[in-house]
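S.K.: return atomic coordinates for the entry below.
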Amino acid sequence: MGTFFQVFGKHGLKMWGTFLVGLLITQILTFFVGVLFYFVGAAVFLASAGIDLNHIQPGTPPEDIFSSAFNPGALLVLIVLYLLMLVVQLFIASFHMAGSCGMASEAVLDGSSSFGTYFQAAFRFFGRMFLQLVLIFLFSLPLLIPFVLSDLGMLFARESGNGIAFGIALLFWVLLLVAILLYSFGVMFAPVILTTENKGPWQSLRFSLRLLFRSFGKVLITGLLNIAIILPFVLLIGGLSALILPEGSEDPLTAIAGGLFLILLLFLTIPLAQAAGLLLTTHRYQRHLRQLVVPGEYGNDAGEANAFHYGKGFDPYDGINRENTPPDDPFTDPFLPPEENSEVDKGKRKESGLSPDKNSEDPGWSGTIDR
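M.R.: Prediction:
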């Protein structure tokens, strides 16, 4: 399997290019969906608020136009539209997430990567990935809502000059920020487990959260390393934005050109940061944590010997009871036809002083597959 830097050096450029294409596709879909929601949502919101644009006179103050928009019914419609748009965006993002995790798993476990794997994994897993992203979002609401409220509390306390209220709100803000980071670390391995082990959305999420408690140190280090990967990109973009778009600049052409340059730079660097983060997470999962999820199936440092086991996510035994699948035979060649493999297997076993019939040595294997 090699070290993280060896894997990243071998597959990083290919994954960056593939993720760039995937990001472009998902961003185009997100843009069109956003435009559609903007016009349809605006029409629905105005209708629910009872605002008729045909009867609005020129020069009418905006507060008079939208005075009726803050009734409970209109606000409920606005919240429903926002949640619906969020769900659609998660649905689109799940395609990119599934393809990215599948390609990262192949790079780490198989030692190979291909453009086709991204789309194969994306189409195969995006339904389960979408359900998992929805679950992750729903479970984060008990932390996100108080976090936003504490942020608003700090704002109002600062405006009113209440130092005690500001201190209390700041304390809650810090505690909730730490809780959100720990939750993010806890669900960090869920997409990797889903695509690598071919698990369901809830099962892989449960395994990932369990890793946080069973191996807190390794999970924490993985999360901090992911932050260390993202931090240089954040500092780069932040520093360039301060240089290109200095505060107080009034030149519109400079602002437009600088904004377009920063958008292009973001578009090019996000896939690179994503490739590095996913490879790091998948590499550490395979190296340190996989035996806690599938004990007895894979070694802790199996490396290249178990690389072909990534086929568990895409193999012909998918959907079959694996407790009754045939054990892996070191004397068989997975690339030969069955009839040729049988003769090669018997010859190699005779040379090693073993019985030509491998089933006679493994009483736990019945020779049948439960479908």
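S.K.: so which elements touch whichever strand or helix holds Phe130?
M.R.: Secondary structure assignment for Phe130, by DSSP states H and E: helix 115-160. Counting contacts by 3 or more CB pairs under 8 Å, 6 or more residues apart in numbering; DSSP states H and E, helix 115-160 packs against helix 4-49, helix 72-105, helix 163-186, helix 190-197, helix 201-214. In this view, the C-beta of every residue, glycine as well, is placed from N, C-alpha and C.
S.K.: go with 6 Å
M.R.: Helices and strands touching helix 115-160, by 3 or more CB pairs under 6 Å, 6 or more residues apart in numbering; DSSP states H and E, are helix 72-105, helix 163-186, helix 190-197, helix 201-214.
S.K.: name all residues that make contact with Leu81.
M.R.: Gly41 (CB atoms under 6 Å, 6 or more residues apart in numbering).
S.K.: what's the angle from whatever helix or strand Leu240 lives in to helix 163-186?
M.R.: Per DSSP H and E, Leu240 falls inside helix 216-244. If you take axes from the mean of the first three to the mean of the last three CA atoms, to 10 degrees, helix 216-244 sits at 120 degrees to helix 163-186.
S.K.: following helix 216-244, which helix or strand shows up next?
M.R.: helix 252-284.
S.K.: mean confidence score for that next one?
M.R.: In this model, helix 252-284 has a mean pLDDT of 89.
S.K.: again with stretch 213-232
M.R.: Per-residue scores along stretch 213-232 average to 94.
S.K.: then stretch 93-106?
M.R.: 93.
S.K.: could you do stretch 152-167 as well?
M.R.: 87.
S.K.: check stretch 109-123 too.
M.R.: pLDDT averaged over stretch 109-123 gives 89.
S.K.: ok, and what's touching stretch 171-178?
M.R.: Counting by CB under 6 Å, 6+ apart, 146-147, 150 sit against stretch 171-178.
S.K.: what's the answer for stretch 189-200, then?
M.R.: So stretch 189-200 is contacted by 97, 101-102, 105, 121, 125, 128, 132, 204-205, 207-208, 211, 281-282, 285, 313 (CB under 6 Å, 6+ apart).
S.K.: export the helices and strands packed on helix 115-160 to CSV and tack on distance to Ile136?
M.R.: Listed next are the helices and strands packed on helix 115-160 as CSV, based on distance: least, CB to CB, whole Å:
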stretch, distance to Ile136
helix 72-105, 9
helix 163-186, 9
helix 190-197, 7
helix 201-214, 7
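S.K.: relative to Thr117, which of these is closest?
M.R.: Thr117 sits nearest to helix 72-105 of all these, at 5.0 Å, using CB to CB.
S.K.: pull out the buried positions in the closest one.
M.R.: Across helix 72-105, burial judged by 16 or more other CB atoms under 10 Å covers 74, 77-78, 81, 85, 88-105.
S.K.: and what of stretch 193-206?
M.R.: 193-199, 201, 203-205.
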